Structure formats: C-alpha cells, structure tokens
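Undergrad: using only what follows, build the 3D model:
(one chain, ligands or ions: 1)
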Amino acid sequence: MGNKKVIILGSSRSKGNTAKVATAISEKYNIDVVDLNNYNISYYDYESKNLEDDFLPLIKTILEKYDTLIFTTPVYWYNMSGIMKVFFDRFSDLIRIEKETGRKLRGKNMMVISNSHDDNIDASYYIPFQKSAAYLGMEYQGNMHFNANKINDLKNIELIQL
Ligand SMILES: Cc1cc2nc3c(=O)[nH]c(=O)nc-3n(C[C@H](O)[C@H](O)[C@H](O)COP(=O)(O)O)c2cc1C
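TA: Here you go, the predicted model:
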C-alpha cells in the first residue's frame, strides 16, 4: 500500500485562501481534502460529554485511510486557526480515553501548510505542530508557507519532497 495523504483543512471559510492552496495541492497530487467546517467538533471537554460529536468517527476514518496528515491552516493571530486548534485539543481524547485509536497515530506522518499575507513566517509558528507530532509519536516531515497575495496561479505548486 502506498503512502496515502490527506489534507486536513482548518479555516474559518471553506472557499478562502487556505482552501485555494488546499485545492491546488489536492488537484495536482490527487490528495483527498477533509474540510473541518463540514464536521461538528466541539471544544475539548474534561468530562467527555462530547464524545458523540463528529471528532471520533472522523479521526478514526482518517487513521484507517491515510498515512500522512497535512494540516492546512491560515495564520490567525500568529497561530494556527481556532478550528484547527480545537481539532488538536481533541487529540487529548485519544490519549485519555480512546487510547487504542490514539496509538494509531504512532508512525503517521505530519506536514503543515500555512498561509498569510507574507512571504515567510517565523519558524516558531510550527513549534506546536512539531512538538505535538513528537508527543504523539508522529514523524514531522516539514512545512510550507504561502503568501495569500500570490495564490491565484498555483499551477506550479510543489509539495515538499518526502
Ligand atoms: C482572525 C484572523 C486573524 C489573522 N491573523 C493574522 C496574523 O496574525 N498574521 C498575519 O500575517 N495574517 C493574519 N490574518 C490574515 C490571514 O492569515 C490571511 O488573510 C489568510 O490568507 C486567511 O485565510 P482564509 O481565507 O483561509 O481565512 C488573520 C486573518 C483573520 C481572519
């Protein structure tokens, strides 16, 4: 079985700049896109009262089908988007109560694609992803940043080489 990749799109709009980057990469490399806006995923709950929302079925499907998770997010206030952060917070369910699913994160690959109106962003932006990957036993394979002012012609987009 080949290395199957999925783009996990976390933006406050499904047809905005981050979605444009995600679509270009998806079309060029034939990579599936999961838009977090299509799912009902609530904040992490210490009392686990939200286990019936869409998080667990979604992450289980992702872990069954894919080897590389490409987290694709705009820069919002120097950070990943809120919707992406909520998704990451829910990984705590996998550590605390759904441990069998959590173990399936081990050995998966993580990549990050970001965009803002700058050509580059500080390397520190990616630290939460890198540390989360290390904690979860995932391999961090790198990150790419796009300037949202220059994304109208993404025909020549190159995903970082694995
Ligand atoms: C809530 C919010 C916060 C933002 N914060 C930043 C920021 O801290 N730094 C920055 O360069 N751009 C910031 N931006 C600009 C976005 O990164 C940029 O417009 C991006 O392309 C938006 O992607 P989207 O269309 O998928 O939302 C912010 C935009 C929003 C809506």
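
Undergrad: which of the three states applies to the residue located most distally from the centre of the chain?
TA: Most distant from the centre of the chain: E47, at 25.1 Å, with distances by C-alpha atoms, centre = their mean. Per DSSP: H, G, I helix; E, B strand; the rest coil, the local secondary structure of E47 is coil.

Undergrad: can you check M111 too?
TA: M111, by the three-state scheme (three-state DSSP), is strand.

Undergrad: that one touches T68, doesn't it?
TA: Yes - contact criterion C-beta atoms under 8 Å: M111 and T68 qualify, at 6.4 Å. C-beta here means a position set from N, CA and C on the backbone, and glycine is covered the same way.

Undergrad: who's more crowded, those two?
TA: Set side by side, M111 and T68 show more neighbours around M111, with 22 against 18, by other C-beta atoms under 10 Å.

Undergrad: how much space between that one and I151?
TA: 18 Å (C-beta to C-beta, to the nearest Å).

Undergrad: how about Y29?
TA: Taken as C-beta to C-beta, the span from Y29 to I151 is 16 Å.

Undergrad: quick one: the strands in the protein?
TA: With strands called from DSSP state E, the chain shows them at 5-9, 32-35, 68-74, 109-116, 139-147.

Undergrad: check whether the first one comes near the ligand.
TA: In other words, strand 5-9. No - on the criterion C-beta under 6 Å from any ligand atom, strand 5-9 is out of touch with the ligand, staying 8.4 Å away.

Undergrad: so what are the sheet partners of that strand and their directions?
TA: strand 32-35 (parallel), strand 68-74 (parallel) (DSSP bridges).

Undergrad: who touches both of M111 and T68?
TA: 5, 141 (C-beta atoms under 8 Å, 6 or more residues apart in numbering).

Undergrad: poorly predicted segments of the protein, please.
TA: 1-2, 161-162 (pLDDT under 70).

Undergrad: which helix in it has the most residues?
TA: helix 17-29 (DSSP state H).

Undergrad: mind checking how far that one is from the chain centre?
TA: Relative to its chain's centre, helix 17-29 lies at 13 Å (C-alpha atoms, centre = their mean, to the nearest Å).

Undergrad: buried residues, it. List them.
TA: 17-22, 24-26 (16 or more other C-beta atoms under 10 Å).

Undergrad: filter the residues you listed by proximity to the ligand?
TA: Within the buried residues of helix 17-29, those near the ligand by C-beta under 6 Å from any ligand atom are 17-18.
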